[in-house]
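Chemist: Quick one, fold the following:
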Amino acid sequence: MYILLSIVFIIAALLSIIFIAALFTRKDYAIERDIVISKPKEVVFDYLRHLRNQELYSKWVMIDPNMKKNFRGTDGSVGFVYAWDGNKKAGKGEQEIMNLVPFERIDLEIRFERPFKGIGYTPFILETISENETKIRWGMNSRMKYPLNIMLLVMNVDKMLGKDIEESLQSLKRELEQ
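Modeler: Predicted coordinates for the structure are as follows:
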């Protein structure tokens with residue numbers, strides 16, 4: 001009986017430490033990657049604002065070829081929603097165009113339902129490098145609720161999601177420059 005009580009006490013103490021640590025752990029994260037594409041800013045913007053084009057460059061959209069997709073609104077305009085329901089890796093959710101600043105910026109809100117609920121914000125910021133070169137900065141920022149924010153201590157979100165964004169940007173570059 002003493003051993004059982006000791007085990008229960010140790011487990012309770014560990015859980016308490018985790019919950020207390022989560023109180024003092026950051027809840028927000030933000031990452032950003034960029035790439036230069038040899039195309040004018042207008043061409044890049046027009047391609048990026050159409051969310052259906054993500055099927056040709058986004059690692060996350062291509063992760064499940066059998067993913068169910070649903071579209072609402074006019075692609076390329078504020079209010080367009082691209083919803084998905086995929087396998088375990090793809091999860092379920094939707095993304096919506098929240099703001100378009102022609103040839104400068106595209107702001108998306110991503111609402112995740114599975115594997116966990118959450119909201120992320122994804123800006124694409126375009127900058128002219130030269131007449132035929134455009135720098136794209138692709139970011140993502142979000143907030144993890146307590147106590148799930150404790151995962152930010154053990155997960156390197158920048159490395160994990162940053163790698164996926166880098167791969168997607170390379171695919172985007174190949175797609176636009178071909």
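Chemist: Pop out the phi and psi values for residue 75.
Modeler: phi -60, psi 140 (degrees, to the nearest 10).
Chemist: how close does it sit to residue 52?
Modeler: Here residue 75 is placed at a distance of 5 Å from residue 52 (CB to CB, to the nearest Å). Quick note: C-beta positions are derived from backbone N, CA and C, even for glycine.
Chemist: buried stuff in the biggest strand by length in the chain?
Modeler: Taking DSSP state E as the criterion, the chain has its longest strand at strand 118-130. For strand 118-130, a neighbour-count test (16 or more other CB atoms under 10 Å) marks 120, 122-126 as buried.
Chemist: follow-up on the earlier one: who touches both of residue 75 and residue 52?
Modeler: In terms of CB atoms under 8 Å, 6 or more residues apart in numbering, residue 75 and residue 52 are both contacted by the residues residue 82.
Chemist: can you pull out the helices in this structure?
Modeler: Along the chain, counting by DSSP state H, helices occupy 2-23, 41-48, 59-62, 151-154, 157-177.
Chemist: The second one - contacts with which helices or strands?
Modeler: I take that to be helix 41-48. Applying 3 or more CB pairs under 8 Å, 6 or more residues apart in numbering; DSSP states H and E, one finds that helix 41-48 contacts strand 118-130, strand 133-143, helix 157-177.
Chemist: let's go with 10 Å and repeat that
Modeler: strand 28-37, strand 92-101, strand 105-114, strand 118-130, strand 133-143, helix 157-177 (3 or more CB pairs under 10 Å, 6 or more residues apart in numbering; DSSP states H and E).
Chemist: The first one now?
Modeler: Taking 3+ CB pairs under 10 Å, 6+ apart as contact, the helices and strands that helix 2-23 lies on are helix 151-154.
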